[in-house]
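Novice: quick check, what structure comes out for this input:
(2 chains)
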Amino acid sequence: MIIETVTILAGHDKQGNPEPSERVDLRPGDSLALVGPTGSGKSELLSDIEQAACGDTRSGRTILINGEPLTKAPSGMVATLSQKTNFVMDASVEQFILLHAESKGRDGGSLMAPLMKMTNSLCGESVSQEMSLQVLSGGQSRALMIADIALLSDTPIVLIDEVENAGIHKFKALEVLAGHNKIVISATHDPVLILMNNTRLVMRNGAMTALLYATKNERRHAENLKHMDDILMRAREDLRMGRTLEMQEET
Amino acid sequence: MKLVTIAGAPSAGKTAVTLHLIRQLDKDGKRSAAVKFDTLGTTDDQIYRERLGIPAIQGLSDYLCPDHYFVSNLEEACAWGKKQEVDFLFVETAGLCYRCAPHVKGVPAITIIDNLGGMEAPRKMGPALILADVVVVTKSDIVSQAEKEVFAHRISQVNKTARIVHVNGLTGTGVLHLRRISETWPEANALEGLSLRYSMPASICSYCTGETRIGKRFQSGNVEKLLLEENAA
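Specialist: This is a model prediction of the structure:
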């Protein structure tokens, strides 16, 4: 199925009042951040999208694909990535990629090199084909999962639930997914990640309360924050590897 | 009343998924009842009553083969369901060996399998999976997207016609698909004369009647031996 638009039509908040934001339209390549405190309804919105709600979930929202509600169960529409997802297979990275490619009727051999390259661009510690999935660190696993979703899964929508702490280059991850014409929706608390998205949807009390676009000023802030984040990442990497921060230049 | 059979390995989430589905149906004003078949003991019927306040009973096979016991009592279970004046009767089976499919031709059949059993699990599960109308995959929220896709693909290789639905047994996410499918299920007619989707194994040896001792001397009835060289000679 070719997706041109995904639309979220408002339902109601936890008390049954209509949601202030009436609709959100998304196109391939768009990224949307869901922001709001714990319990504000981010995960519920992700679940509504995952199930292609037709006014039949608790929130009363309707999800339209190309302007129409889905009549049958959407299989293969949505890929999910969260802090909870793990590899449970006993296989090497190579076997895993070949197996996934086979199930999609695609040639795993020719996808291997680009997939490994992308994986390695997403995390600091390098991943090789021979490694067992079970020895991968949290960051390496997440990086492989993201590269795999970008290149191998043909799902047009990607839902991401708080993966900012996984030790990956989170900004790159977003670029990679949106760059492959996916619609990326992420629930996140990370300020830089929030500002990296084209738009952000503010959740409160189970309702979509405002749709905000990053302003010019905010984009400038984002650059600063990103710079600070880089410093923090580098310091973390140095300290983790047993180095001292003496060598780091003051910035 | 719509009758539905539910099969699946122990701890795959049969009761959890059914609970979520019944809750969804209840929101549409549809009433449900449940029958839980098991072997030596179960508290699942109590869970249905206490958590959902719906009528539920249990049937324990004790010394009998649980699947034989299930099919011998299906008519009675259905009659009980009709007396409860409900819209849906869910019959949950024990979920033990993979030899049988406790599913009946013409009666909607759900088989539940979790994503953690390994990639070979769909091939190993046999008729219960192969002959189901709907395969519900649970515990997908904790595996990678790729493994979820490969697993679903493997299921579709052994059962080409089943609808495959992912449901999170803890949160109930995904159960909406199941509820939408439930609208297509037919009303239950008389069960007499309908056939099982797969024959059940013969069980007429001395162990079926309570024998516990090991050894040829104690074996009678339908006994088959592994073809080892000593036996063959």
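Novice: which element follows the helix ranked longest in chain B toward the C-terminus?
Specialist: Secondary structure of chain B per DSSP state H: the longest helix is helix B:66-83. Per DSSP states H and E, the first helix or strand lying C-terminal to helix B:66-83 is strand B:88-92.
Novice: any idea of the mean pLDDT in the longest helix of chain B?
Specialist: Mean pLDDT, computed over helix B:66-83, is 92.
Novice: buried set for it?
Specialist: Across helix B:66-83, burial judged by 16 or more other CB atoms under 10 Å in any protein chain shown covers B:66-71, B:73-74, B:77-78, B:80-81. Quick note: C-beta positions are derived from backbone N, CA and C, even for glycine.
Novice: between these, which is closest to chain A?
Specialist: B:Gly81 (25.3 Å; CB to the nearest CB).
Novice: I'd like the buried residues of helix B:66-83 as CSV, with distance to B:Val158 appended.
Specialist: Below are the buried residues of helix B:66-83 laid out as CSV (distance: CB to CB, whole Å):
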residue, distance to B:Val158
B:Pro66, 23
B:Asp67, 20
B:His68, 25
B:Tyr69, 27
B:Phe70, 23
B:Val71, 23
B:Asn73, 29
B:Leu74, 25
B:Ala77, 28
B:Cys78, 29
B:Trp80, 34
B:Gly81, 31
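Novice: and chain A, which of those contact it?
Specialist: Contacts with chain A are made by none of the buried residues of helix B:66-83, judged by CB under 8 Å from any CB of the partner chain.
Novice: report the two of these separated the most.
Specialist: B:His68 and B:Gly81 (20.5 Å; CB to CB).
Novice: could you list the domains of the chain?
Specialist: I'll assume chain A. A:6-214, A:215-251 (automatic domain parsing).
Novice: try chain B instead
Specialist: Residue ranges for the domains of chain B, per automatic domain parsing: B:2-182, B:204-233.
Novice: mean pLDDT lowest where, among the ones you listed?
Specialist: Ranked on mean pLDDT, the bottom entry among the domains of chain B is domain B:204-233, at a mean of 80.
Novice: would you tell me which one of the domains of chain B is buried the most?
Specialist: Of the domains of chain B, the one with the most neighbours on average (mean count of other CB atoms under 10 Å in any protein chain shown) is domain B:2-182, at a mean of 20.
Novice: residue numbers of chain B in contact with chain A?
Specialist: B:115-116, B:118-119, B:141-147, B:149-150, B:152-154, B:163-165, B:171, B:173-174, B:176-177, B:179-181.
Novice: in strands, which of these appear?
Specialist: Under the assignment DSSP state E, the residues of chain B next to chain A contribute B:163-165 to strands.
Novice: need the helices for the chain, in chain order.
Specialist: I'll assume chain A. Listed in chain order, the helices of chain A (DSSP H) span residues A:42-50, A:93-103, A:108-122, A:138-151, A:170-179, A:191-196, A:216-240.
Novice: please refer instead to chain B.
Specialist: Secondary structure of chain B (DSSP H): helices at B:14-27, B:44-47, B:66-83, B:121-124, B:127-130, B:145-158, B:175-182, B:229-232.
Novice: and the worst-scoring helix or strand of chain A on mean pLDDT, what does it pack onto?
Specialist: Lowest mean confidence among the helices and strands of chain A (mean pLDDT, DSSP states H and E): helix A:170-179, at a mean of 84. On a contact count with 3 or more CB pairs under 8 Å, 6 or more residues apart in numbering or on different chains; DSSP states H and E, helix A:170-179 meets strand A:31-35, helix A:108-122, helix A:138-151, strand A:183-187, helix A:191-196.
Novice: and the fourth one, what other elements does it pack with?
Specialist: Right, strand A:183-187. Packed against strand A:183-187 by the contact rule (3+ CB pairs under 8 Å, 6+ apart) you find strand A:31-35, helix A:42-50, strand A:157-161, helix A:170-179.
Novice: go on, the first one?
Specialist: In terms of contacts (3+ CB pairs under 8 Å, 6+ apart), strand A:31-35 is packed against helix A:42-50, helix A:170-179, strand A:183-187, helix A:191-196, strand A:199-204.
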